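>>> how would this look folded up:
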Amino acid sequence: MKKFLMALLFAPLTVLASGGAHLDHWPGAVGDKAALQNGAKLFVNYCLNCHGASSLRYNKLTEIGLTEQQVKDNLMFTTDKIGEQMRVAARTDEQKLWFGAAPPDLTVISRARASEMGSGADWLYTYLRTFYRDEKRPTGWNNVVFENVGMPNPLWQLQGQQVLNHETHKLELAVPGTLSPAEFDKAVSDLVSFMVWMAEPQQEFRQRLGWFVLAFLAVLFVLAYALKKEYWKDIH
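Numbering: from 1, shown residues only. Modelled structure (predicted):
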């Protein structure tokens, strides 16, 4: 039970001595509105069933290019109020009964992984793509980057069923999913884009502001230096 609860909390990535697992580079970006919209759809359909994002409200999704009506029609299944937080329908006591502990909120999961593992986006992108079938596990699933994970693969219908070749320590697709491998990688990239965005919706503005501040300081330095030369020219 202890291992199961730790897995539900997305226990930190560990490198397997036998497999030499590593993090794949996340190819996405938070500035791609189409990717964010697709990621929001995937998050609502495949993650929000168990994990909430309670620090984000549905009306915030208008910032990724969706209208309020589109959000209401396609992404709101547990409430009819656009200003509500993105919570799961199941009650906390029900989740504790089913899983032993309530699955964690995912609003800032990408930032949490960034502080622990370097790149939270790379961690999520790798983790969500490296589930494989393991009949020895209670859920029937395991994961390359977190051995003996307790969480089942939420995207198995899209990805299909992978198996681990214990000789090569590589994953092989045994049963195809509804998406091709390339399409699935793109879908996961979009999902990660949304999770990175929702952890800090203002990050693009913050980055633009940072460049503006640096440019302002550069101009100010030139003016200050010119003023200094003019002020001291008679003394020198």
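
>>> Point out where the protein drops to low pLDDT.
Applying pLDDT under 70 to the chain flags residues 1-21, 99-101, 114-118, 205-207, 236.

>>> longest helix in the protein, by residue count?
Longest helix in the chain, counting residues (DSSP state H): helix 203-232.

>>> Show me where this protein has its strands.
Under the criterion DSSP state E, strands of the chain are mapped to 53-57, 85-86, 131-133, 141-143, 160-165, 170-176.

>>> Now do the longest one and strand 160-165, the angle between them.
This means strand 170-176. Orientation of strand 170-176 against strand 160-165 (axes from the mean of the first three to the mean of the last three C-alpha atoms, to 10 degrees) gives an angle of 150 degrees.

>>> ok, residues contacting strand 170-176?
If you take C-beta atoms under 8 Å, 6 or more residues apart in numbering as the criterion, strand 170-176 is touched by 130, 132-133, 144, 160-165, 181. (Each C-beta comes from the backbone N, C-alpha and C, glycine too.)

>>> if you set the cut-off to 7 Å instead, what comes out?
Residues from elsewhere that reach strand 170-176 (C-beta atoms under 7 Å, 6 or more residues apart in numbering): 130, 132, 144, 160-165, 181.

>>> Quick check: buried residues in it?
L171 (16 or more other C-beta atoms under 10 Å).

>>> again with the first one
Applying a neighbour-count criterion of 16+ other C-beta under 10 Å, the buried positions in strand 53-57 are 53, 56.

>>> ok, it: who's next to it in the sheet?
Strand 53-57 pairs in its sheet with strand 85-86 (antiparallel), by DSSP bridges.

>>> Next: the fourth one.
Applying DSSP bridges, strand 141-143 is found paired with strand 131-133 (antiparallel).

>>> Show the backbone phi and psi for the closest residue to N49 other than its chain neighbours.
Spatial nearest neighbour of N49, chain neighbours left out: V88 (6.7 Å); criterion: C-beta to C-beta, 6 or more residues apart in numbering. V88 has phi and psi values of phi -80, psi 160 when expressed as degrees, to the nearest 10.

>>> who touches V88 in this structure?
The contact partners of V88, taken as C-beta under 7 Å, 6+ apart, are 48-52, 78.

>>> again, only using 10 Å
The contact partners of V88, by C-beta atoms under 10 Å, 6 or more residues apart in numbering, come to 47-54, 78, 94-95, 102-103, 105.

>>> any idea how far W156 is from V192?
According to C-beta to C-beta, to the nearest Å, W156 and V192 sit 17 Å apart.

>>> whoops, C47 was the one
11 Å.

>>> Which neighbours do these two have in common?
Residues touching both C47 and V192 (C-beta under 10 Å, 6+ apart): L128.

>>> Looking at the two, which is more packed in?
Taking other C-beta atoms under 10 Å, C47 and V192 do not tie; V192 has more neighbours (29 against 22).

>>> my read: that one touches Y125, true?
Yes. V192 is within contact range of Y125, at 4.9 Å (criterion: C-beta atoms under 10 Å).

>>> hey, what's in contact with both of the two?
Common neighbours of V192 and Y125 are listed as 26-28, 110 (criterion: C-beta under 10 Å, 6+ apart).

>>> what two of those residues have the greatest distance between them?
Across those, the longest distance by C-beta to C-beta is 15.0 Å; it joins P27 and S110.

>>> ok, now which ones touch N49?
77-78, 88-90, 103, 154.

>>> How much space separates it from L42?
Counting by C-beta to C-beta - N49 and L42 are separated by 12 Å.

>>> Quick one: buried ones out of the contacts of N49?
Buried members of these, counted by 16+ other C-beta under 10 Å: 78, 88, 90, 103, 154.

>>> Find the nearest non-adjacent residue to Y125, please.
Using C-beta to C-beta, 6+ apart and skipping the chain neighbours, the partner closest in space to Y125 is W26 (4.0 Å).
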